[in-house]
Structure formats: C-alpha cells, structure tokens
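Asks: how does the following fold in three dimensions:
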Amino acid sequence: MTPIPDPLPHPPDDSGAGAWGSQPIYSRADDLAFAQVAAAAVVAADSRGWTHAARFLNHYLDNTGDPLDPKVDELLRDVSDADNNANRMAATEIQQVAIRASSAKNYDNPVQFQSQWEGYTFDQTQSPDWFFAMGSIHMSVTGVVTVNKPADGAQPNITTEYKVWVHDRYNWDGGKSTEIAGVTVTDKRMGALHTAGLAREYEMDGSSGARQYAGPVPSSGPGILPAAHGSRDGGRTDPTR
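Replies: Numbering: from 1, shown residues only. Now for the predicted structure:
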C-alpha cells in the first residue's frame, strides 16, 4: 500500500521576539509582574471555553520550548472555513493527478501528491478560540490518488487518501494589543516574557487523521470530499479536550 507522504518543508518562520533570555537580569522586574497577568489570561480564556487558546498560552508560559501538537482534527472540526480551505487544496491536487494520469493512460496505479504550503488566517468572529490560539497558520495537504480505468466513453473515478497538515510558530512579535476574555495583553509585553526567559516560543506541527474518498474527480470548491468529523465539543465539560 502506497503511504501518504509527509509534507514539503514549511516556509521559514518569522523572527519572533528575539533570543530567549536575552534581556539583562536587571530589566526583568516588570516582566515578572506581567507574567501574572498572562497567567490570568490563561484562566480567563479557559473559563470562556477557549480551551485551545488557554492550552497554547499555558504551554508558552511553561517555558520549555517543546513542540506542541495543535490537534488538527479539532481545528478543522471547529472552523468550517479552514476545513473547506483544506479540501479545496486537496481537490486541486487530486484534479492535477487525475489529468496527468488520464492523459498518460496511467490507470490503477497509486500516485502520491504534496501541495505547497498556504497561509490561512482565522476569523475572530467565527472562532475566537482558534483566533487567539494561533491567529494565522500554514496549511498543506498530502495524499495518494489512484485513477481507476474507466469504461469506454465514461469519465474515470478516483480513490484517494489524504491528510491535512498545519504548521505555526507560537510567538508574539507584532505591534498589536488584544483582549483575551477581559484581560488586555500586547504583543510587546507577551514577547518580552520570552526575551526575559520567563516564557518560550515553540513550534506547532501536526496533521489530521487520514481522509478517504472514492468517486468522481472532486471540484475545487467544498462539496464531495469528506469534512472534519468528531462528536466532542471541545468545551470545559469535554473530558477529551
């Protein structure tokens, strides 16, 4: 069985706030005080049901710098626009494989694909949780497509299995301020926790589970490719969150 390939290397991350722990010791008093404000933002976000925003911020404050799985299936389940965008990317790749295979009469042979990475920005009105958790991400899709030999005069059907990949770096490097469940934070103050050695930027990488589809070559818009699934709501009463 031909495996689903890993994605292409992701685009370079932005520079972030600077080197971890690079601030002089004597300038960190205000950062020690602000760390308490950031910790309050974690509690406030969780109380609002923004469980992913709370989880990611809490991991930043844990100060390990360890990578974190963003739980891509939950992201795509919660944000239908991101899910539609992922399936649009998949449909484009599948169409290209189908066109090449049909032109070459290369039927019944599995072909791998890897999309380029594309930027995606969350809409705060659609999902404040994921907006505050990640803001903007990069997405890619990879998979395997088999174009089945058609009957005379018929259009070929395909079978495919694919995954959606997400990458982001958790950092605070802009000039913005925002309110997280009643707690006002700024990029400058949050980023200063990293340079003060009180929090640490980290990588977020993960993939969805494999999605399967069999049927006509899909269109570029949302439609026949499988949507995200899951019955858990991700709220504070959800034991799997």
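Asks: in this protein, which spans are strands?
Replies: Along the chain, the segments classed as strands by DSSP state E run 111-114, 118-121, 136-147, 157-170, 177-180, 183-186, 202-207, 211-216.
Asks: can those strands go into TSV with extra columns for mean neighbour count?
Replies: The C-beta positions use only the backbone N, C-alpha and C, and glycine is treated the same way. Formatted as TSV, those follow (neighbours: other CB atoms under 10 Å):
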stretch	mean neighbour count
strand 111-114	17
strand 118-121	13
strand 136-147	22
strand 157-170	22
strand 177-180	15
strand 183-186	16
strand 202-207	18
strand 211-216	15
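Asks: now do the contacts for residue 57.
Replies: By CB atoms under 8 Å, 6 or more residues apart in numbering, residue 57 lies in contact with 38, 41, 42, 45, 180.
Asks: can you rerun that using 7 Å?
Replies: With contact set as CB atoms under 7 Å, 6 or more residues apart in numbering, residue 57 has these partners: 38, 41, 42, 45.
Asks: hmm, which of those residues are the buried ones?
Replies: Restricting these to buried positions leaves 38, 41, 42, 45, with burial counted as 16 or more other CB atoms under 10 Å.
Asks: lowest-confidence helix or strand of the chain?
Replies: Ranking every helix and strand in the chain by mean pLDDT, DSSP states H and E puts strand 177-180 at the bottom, with a mean of 77.
Asks: elements contacting it?
Replies: Strand 177-180 makes packing contacts with helix 29-47, strand 183-186 when contacts are defined by 3 or more CB pairs under 7 Å, 6 or more residues apart in numbering; DSSP states H and E.
Asks: ok, the buried ones among the contacts of residue 57 vs residue 20, which is closest?
Replies: Nearest to residue 20, judged by CB to CB, of the buried ones among the contacts of residue 57 is residue 38 at 15.8 Å.
Asks: so where is this protein shaky, pLDDT-wise?
Replies: Where the chain drops to pLDDT under 70, the residues are 174, 181, 221-223, 230-241.
Asks: which strands or helices does the longest helix anywhere in it pack on?
Replies: Across the chain, the helix with the greatest residue count (assigned by DSSP state H) is helix 80-104. The helices and strands touching helix 80-104, judged by 3+ CB pairs under 7 Å, 6+ apart, are helix 72-78, strand 111-114, strand 118-121, strand 136-147, strand 157-170.
Asks: could you export the ones you listed as JSON lines, including distance to residue 199?
Replies: Formatted as JSON lines, the helices and strands packed on helix 80-104 follow (distance: least, CB to CB, whole Å):
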{"stretch": "helix 72-78", "distance to residue 199": "23"}
{"stretch": "strand 111-114", "distance to residue 199": "34"}
{"stretch": "strand 118-121", "distance to residue 199": "23"}
{"stretch": "strand 136-147", "distance to residue 199": "20"}
{"stretch": "strand 157-170", "distance to residue 199": "10"}
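Asks: among those, which is nearest residue 34?
Replies: Among these, strand 157-170 sits nearest to residue 34 (CB to CB), with 17.3 Å.
Asks: one step back: return the set of buried residues in the longest helix of the chain.
Replies: Using 16+ other CB under 10 Å as the test for burial, helix 80-104 gives 82-91, 93-95, 97-98, 101-102.
Asks: can I get the helices and strands packed on strand 177-180 in TSV with distance to residue 206?
Replies: Shown next, in TSV, are the helices and strands packed on strand 177-180 (distance: least, CB to CB, whole Å):
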stretch	distance to residue 206
helix 29-47	20
strand 183-186	25
